[in-house]
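Engineer: For reference, the sequence and a predicted model appear below.
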Amino acid sequence: MTNAVTNPKTREWQAMSREHHLAPFSDYQQLHEKGPRIITKADGVYLWDSEGHKILDGMAGLWCVAVGYGREELVEAAAAQMRELPFYNTFFQTAHPPALELAKAIAEVAPQGMNHVFFTGSGSEGNDTMLRMVRHYWACKGQPNKKVIISRHNGYHGSTVAGASLGGMKYMHEQGDLPIPGIVHIPQPYWFGEGGDMSPEEFGVWAADQLEKKILEVGEDNVAAFIAEPIQGAGGVIIPPETYWPRIREILAKYDILFVADEVICGFGRTGEWFGSDFYGNKPDLMTIAKGLTSGYVPMGGLIVSDKVFQVINAGGDFNHGFTYSGHPVAAAVGLANLRILKEEKILEKVREETAPYLQKRLRELADHPLVGEVRGVGMLGAIELAKNKQTRERFPSEMGVGMICRGHCFESGLIMRAVGDTMIIAPPLVISKDEIDELVEKARKCLDLTARAVLV
Ligand SMILES: *Cc1c(COP(=O)(O)O)cnc(C)c1O
C-alpha cells in the first residue's frame with residue numbers, strides 16, 4: 001500500500017474504530033485489519049483524509065452532496081435556525097415555519113398534482129412511511145386486502161425492516177429473516193447482467209411484463225402498490241432499456257394499484273430534471289425523497305404524496321405515524337437553502353445542458369478499454385461494467401473481486417468510485433466542473449489500467 005500512515009491521529013482514530021465504532025455495511029474483521037480511511041474535511045468536489053491526501057469525490061458523499069461541500073449558505077441557514085428555534089415537533093396540531101415553507105417549496109418543484117409532503121429523518125423512514133400510508137389508503141377506501149407491495153430484485157429502498165424488505169438485495173434479506181410478509185419481488189431491467197440473448201429493447205419489455213405477471217399472480221385485489229427507483233442506484237446505476245418505462249406505464253394504467261417512485265437518488269436534479277419521474281415521463285402517486293433534498297448537510301427525508309392519495313387519507317381520520325424529527329426545523333431550513341441554491345444557480349439547467357452531456361461523452365470514451373464491457377449513464381450518474389469478454393458480456397469469476405481491486409486502485413489514486421460487484425459507479429456532486437470531469441475520467445482510466453494489469457494476465 002502506498003498510503004502508509006504517518007499522522008499519529010490516524011492511528012488513534014483507527015483504534016477508536018476498532019474498539020468502539022460499528023460501521024454500516026462492513027465486515028468488521030476486514031475493516032480492522034487495515035483500519036478505515038479517516039475523512040477529515042471537504043470543499044467543492046474534493047475530500048481530504050487525515051493523511052493529507054486530496055480525493056475527488058465521484059460519489060457525492062453517498063449520492064447526496066448535490067451542491068458540493070463547503071457551502072456557507074447551508075451552514076448559515078442551520079446556524080440561524082438553531083438560534084431561532086433549534087427544535088420543535090410537528091405532532092399534536094403544531095408546526096413551525098421551516099417545515100411548512102419547505103413542504104411548499106418541494107410541492108413547487110414536484111410533478112403536477114403532487115402537493116403534499118410527509119417529512120422523515122431518512123430515505124428508509126420515507127419508505128416505511130410509504131408502506132403504512134399505501135395500506136392505510138386502501139383501508140380508507142374500503143379495500144383493506146390491498147396490502148401487497150411489488151418491488152424489484154436488486155432494488156434499494158433502505159435499511160430499516162420495511163426498507164430492506166422492499167429492497168431486493170439478497171444479502172440483506174439473508175440477515176434478520178426478511179422480507180417481511182406482504183412484499184414480493186420481480187426481475188430488474190438489468191440488460192447487461194441479465195438480458196441473455198434478448199436485445200435491450202426486447203428485454204425491457206420482458207422485464208416490464210413481469211409486473212403484470214406478478215399482479216395477476218397475487219391478484220389485483222391484493223396489490224397495494226408497485227415501488228421502483230427510476231434508475232436503480234445502489235444496485236449498480238441500472239439504466240432501464242428505453243422500452244421499459246413505457247411498457248410499465250401501460251401496465252399500471254390497466255390495474256388499480258398505486259405507483260411509488262423511490263426518488264431518493266434521482267430526486268433534486270441528478271438526471272438534470274427535478275425528479276427521475278420527470279426525466280422518464282412517469283406519473284407516480286407517491287415519491288420517496290432524501291439525500292439531495294438537503295445535499296446531505298443534515299439528515300432529512302420524506303414522502304411526496306399526490307392529491308389523489310391525500311384526498312383519501314385526508315378523510316380517513318388520524319394517520320397514526322410520525323417521527324420525533326419529522327420536519328426538523330434545522331433540517332428544513334437547510335433543505336430550503338439547498339433548494340434556493342439549486343434554483344438560483346440554475347444548477348439543473350447547467351447539468352442538463354452542459355456538464356452532464358460532457359460527463360456522459362467523456363465516460364463513454366472508456367468503452368474502448370480492454371476491461372470495459374459497457375459504459376452507461378444518465379445525467380450525473382454513470383456505470384462502467386468490468387467484463388472478461390466485451391462481446392459475450394462474460395464476467396470475471398466473482399472470487400477474483402475485480403470491482404474491489406479497481407475500487408482499491410481508485411482509492412489509492414485519489415478518486416472515490418464505488419464498486420457494486422464488478423460494476424464501477426459514479427454520482428459526483430451536481431456542481432462538478434468540466435475540468436473536474438476531465439480529472440475524474442483520467443483517474444478512472446488510470447485505475448482501469450492498473451486493474452487490467454492485475455487481472456488480465
Ligand atoms: C439511500 C437510499 C434509500 C435509503 O435512504 P437512507 O437515508 O439511507 O435511509 C432509499 N432509497 C434509495 C433509492 C436510496 O438510494
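Structural biologist: Yep, it's here. Numbers count the residues shown, from 1 in each chain.
Engineer: Could you report the pLDDT at the nearest residue to residue 431 once chain neighbours are set aside?
Structural biologist: Using C-beta to C-beta, 6 or more residues apart in numbering and skipping residues adjacent in sequence, the residue nearest residue 431 is residue 68, 4.4 Å away. All C-beta atoms are positioned from the backbone trio N, CA, C, and that covers glycine. Note for residue 68: predicted pLDDT of 98.
Engineer: Give me the neighbour count for the residue of the stretch 51-200 of the chain found nearest the ligand.
Structural biologist: Ranked by C-beta to the nearest ligand atom, the top residue of the stretch 51-200 of the chain for proximity to the ligand is residue 123, at 2.3 Å. Neighbour count of residue 123, defined by other C-beta atoms under 10 Å: 31.
Engineer: Tell me the residues of the stretch 51-200 of the chain that contact the ligand?
Structural biologist: By C-beta under 6 Å from any ligand atom, the residues of the stretch 51-200 of the chain that approach the ligand are 63, 122, 123, 124, 156, 157, 158.
Engineer: Now for the fourth one: which residues touch it?
Structural biologist: Contact partners of residue 124, counting by C-beta atoms under 8 Å, 6 or more residues apart in numbering, are 157, 158, 159, 160, 162, 163, 301.
Engineer: For the stretch 201-350 of the chain, what lies in contact range of the ligand?
Structural biologist: 229, 233, 234, 262, 264, 265, 290, 301.
Engineer: repeat that for 8 Å
Structural biologist: Neighbours of the ligand within the stretch 201-350 of the chain, by C-beta under 8 Å from any ligand atom: 229, 232-234, 262-266, 288, 290-291, 299, 301.
Engineer: List only those of these flagged as buried.
Structural biologist: 229, 232-234, 262-266, 288, 290-291, 299, 301 (16 or more other C-beta atoms under 10 Å).
Engineer: from the residues you listed, which two are the most distant?
Structural biologist: Using C-beta to C-beta, those span at most 22.4 Å, a distance reached by 232 and 299.
Engineer: before we move on, back to that, would you list the contacts of residue 124 in CSV and tack on distance to residue 317, pLDDT and secondary structure?
Structural biologist: Output for the contacts of residue 124, formatted as CSV (distance: C-beta to C-beta, whole Å; pLDDT from 0 to 100; DSSP: H, G, I helix; E, B strand; the rest coil):
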residue, distance to residue 317, pLDDT, secondary structure
157, 27, 98, coil
158, 27, 98, coil
159, 31, 98, coil
160, 25, 98, coil
162, 22, 98, helix
163, 26, 98, helix
301, 25, 98, strand
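Engineer: what's the closest of those residues to residue 186?
Structural biologist: Closest to residue 186, out of all of those and judged by C-beta to C-beta, is residue 157, at 14.1 Å.
Engineer: what's the spacing between the nearest residue to residue 118 once chain neighbours are set aside and the ligand?
Structural biologist: Nearest non-adjacent residue to residue 118, counting by C-beta to C-beta, 6+ apart: residue 303, 4.6 Å away. Distance of residue 303 to the ligand, given as C-beta to the nearest ligand atom, to the nearest Å: 11 Å.
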